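*Asks:* Give me a 3D structure for the following:
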Amino acid sequence: MAKRILLTSFDIWLSEQRSNSSDDLLLEVIKLNSLPYDLKFLRRLPVDEHQASLQVIQKISELQPDYIICSGMAASRTKLSLEAVASCGESVLPTNVKLEKLVTSATAIEISYDCGKFVCESVYYAVLNYLCQNQLPIPCVFVHVPLLNPENLPLILADFLLIINNLALL
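*Replies:* This next block holds a predicted model:
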């Protein structure tokens, strides 16, 4: 039975944005249609902390995935950023994944300890908290995706696929 992986992305939040790079990257993964996993997509989440968190948690409850990869856009970054922690006030929750194992052989991935103070961190925290509170040992990571262009897309896509494959080996 193929391992079930839930992948999430966000919608745009500014009127001048044509797309969200996290969703653009998931579209590239969908186009491949060749990965040996049961990929489930929850795309274009609303850029609203409460609504997005509820939708992701509902999908986790419904699907019972083996792995979760949440993603969001980070326009100021140039590499994929694997987020090590998420915080809410004074509470800090780490991912339950050894991120170093995911970046082996990667060329454009960094491990980050700053998930930002926007909806990305809120959703990541809500998911990690839900998994912890319900004692669900589902490996979960959050990946920030830089703006994509024809030059960096092949490298970013290859490293994102590496994250998927390495996560599925855990």
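
*Asks:* From here on, just use CA atoms for contacts and neighbour counts.
*Replies:* Will do.

*Asks:* OK, contacts around the residue positioned nearest the centre of the chain?
*Replies:* Geometric centre of the chain, nearest residue: Cys70, 2.3 Å, by CA atoms, centre = their mean. By CA atoms under 8 Å, 6 or more residues apart in numbering, the contact set of Cys70 is Leu6, Leu7, Thr8, Ser9, Tyr124, Cys140, Val141, Phe142, Val143.

*Asks:* Which ones among those residues map onto strands?
*Replies:* Here DSSP state E is the test, and the contacts of Cys70 give Leu6, Leu7, Thr8, Ser9, Cys140, Val141, Phe142, Val143 as lying in strands.

*Asks:* In those residues, find the pair that's most separated.
*Replies:* Greatest spatial distance in those: Ser9 and Cys140, 14.0 Å, computed using CA to CA.

*Asks:* now stretch 48-64, how far from the chain's geometric center?
*Replies:* Centre-to-centre, stretch 48-64 and its host chain are 13 Å apart (CA atoms, centre = their mean, to the nearest Å).

*Asks:* Could you list the buried residues of that stretch?
*Replies:* Buried residues in stretch 48-64, counted by 16 or more other CA atoms under 10 Å: Asp48, Glu49, Ala52, Ser53, Val56, Ile57, Lys59, Ile60.

*Asks:* same question, stretch 133-141
*Replies:* For stretch 133-141, by 16+ other CA under 10 Å, it's Ile138, Pro139, Cys140, Val141.

*Asks:* So what touches it?
*Replies:* 65-70, 82-84, 95-97, 128, 131, 167.

*Asks:* and that stretch, how far apart are its ends?
*Replies:* By CA to CA, to the nearest Å, the extent of stretch 133-141 from end to end equals 17 Å.

*Asks:* Check the average confidence over the helix or strand hosting Asp159, would you?
*Replies:* Assigned by DSSP states H and E, Asp159 belongs to helix 153-168. Per-residue pLDDT over helix 153-168 has a mean of 95.

*Asks:* Stretch 10-25 now?
*Replies:* Averaged across stretch 10-25, the pLDDT comes to 84.

*Asks:* for stretch 46-54, same thing?
*Replies:* Averaged over stretch 46-54, pLDDT sits at 95.
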